[in-house]
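Novice: Quick one: sequence and predicted model below, then my questions.
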Amino acid sequence: MSERTSLVADVLASTQRLPLGVQVWVFLVLMPVNLAALVALGQPLGPLVAALAVGALAINGVVMVLDRGFSLAMALPHVALWVPLLGVVVYLLLGRDDIGAAYAAYLVVLLVVDAVSLWFDVPDAKRWLDGQRDTF
């Protein structure tokens, strides 16, 4: 291996530097709940829900490669895509009568998980915009 470590090694090291609670949240809650939108593509507005939910994760894959690990920049796609996603979810839950019980239950979980994430992401995005560009 050269002096410069591999991208995979850098990302893995960055992941391991995250607090354990953050690792659990990201990999056992946040990612699975948002990726589950792919299962609901056939539901009302399912493609839009999936595009917004999974789109933020996909963009963060690019951010992670560019930053060679986790950074506050990863909050930006969450804010940009999940704020509108929450609006779509609220519309589906309150404004539609063609939502089945299982899909509604998933939407509630998605709403709660992404709202909690945004609680942290909005200040993180501001810190990144204010110049804090370190990688964890």
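Specialist: Nice, I can see it.

Novice: Flag the shaky bits of this protein, pLDDT-wise.
Specialist: Residue ranges of the chain with pLDDT under 70: 1-4.

Novice: For the helix ranked longest in the chain, which helices and strands make contact with it?
Specialist: Assignment by DSSP state H gives helix 101-129 as the longest helix of the chain. Helix 101-129 makes packing contacts with helix 31-35, helix 46-67, helix 75-95 when contacts are defined by 3 or more Cβ pairs under 8 Å, 6 or more residues apart in numbering; DSSP states H and E. No exception for glycine: its C-beta is placed from N, CA and C like everyone else's.

Novice: Mind doing that once more with 6 Å?
Specialist: If contacts are counted by 3 or more Cβ pairs under 6 Å, 6 or more residues apart in numbering; DSSP states H and E, helix 101-129 sits against helix 31-35, helix 75-95.

Novice: Pull out the buried residues from the shortest one.
Specialist: Applying a neighbour-count criterion of 16 or more other Cβ atoms under 10 Å, the buried positions in helix 31-35 are Val33, Asn34.

Novice: Next, the residues that contact that helix from outside, please.
Specialist: For helix 31-35, the external contacting residues (Cβ atoms under 6 Å, 6 or more residues apart in numbering) are Ala53, Leu57, Val109, Leu110, Val113.

Novice: try 8 Å
Specialist: Identification of contacts with helix 31-35 by Cβ atoms under 8 Å, 6 or more residues apart in numbering yields Ala53, Val54, Ala56, Leu57, Val109, Leu110, Val113, Asp114.

Novice: Please apply the same query to the last one.
Specialist: Residues outside helix 75-95 that contact it (Cβ under 8 Å, 6+ apart) are 44-45, 48-49, 52-53, 55-56, 59-60, 63, 99, 104, 107-108, 110-111, 114-115, 117-118, 120-122, 124-125, 128.

Novice: Report the contact partners of Ile99.
Specialist: Neighbouring residues of Ile99 by Cβ under 8 Å, 6+ apart: Gln43, Pro44, Leu92, Leu93, Leu107.

Novice: again with Val22
Specialist: Under the criterion of Cβ under 8 Å, 6+ apart, Val22 has no neighbours.

Novice: Can you dump the C-alpha atoms of the host helix or strand of it in PDB for me?
Specialist: Using DSSP states H and E, Val22 maps to helix 20-24. Written as PDB, here are the backbone C-alpha positions of helix 20-24 (Å, rounded to 0.1, in the frame of the first residue of the first chain):
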ATOM      1  CA  LEU A  20     -21.000   3.900  19.000                       C
ATOM      2  CA  GLY A  21     -24.400   5.400  19.400                       C
ATOM      3  CA  VAL A  22     -24.000   7.300  16.000                       C
ATOM      4  CA  GLN A  23     -22.900   4.100  14.300                       C
ATOM      5  CA  VAL A  24     -25.900   2.200  15.700                       C
END
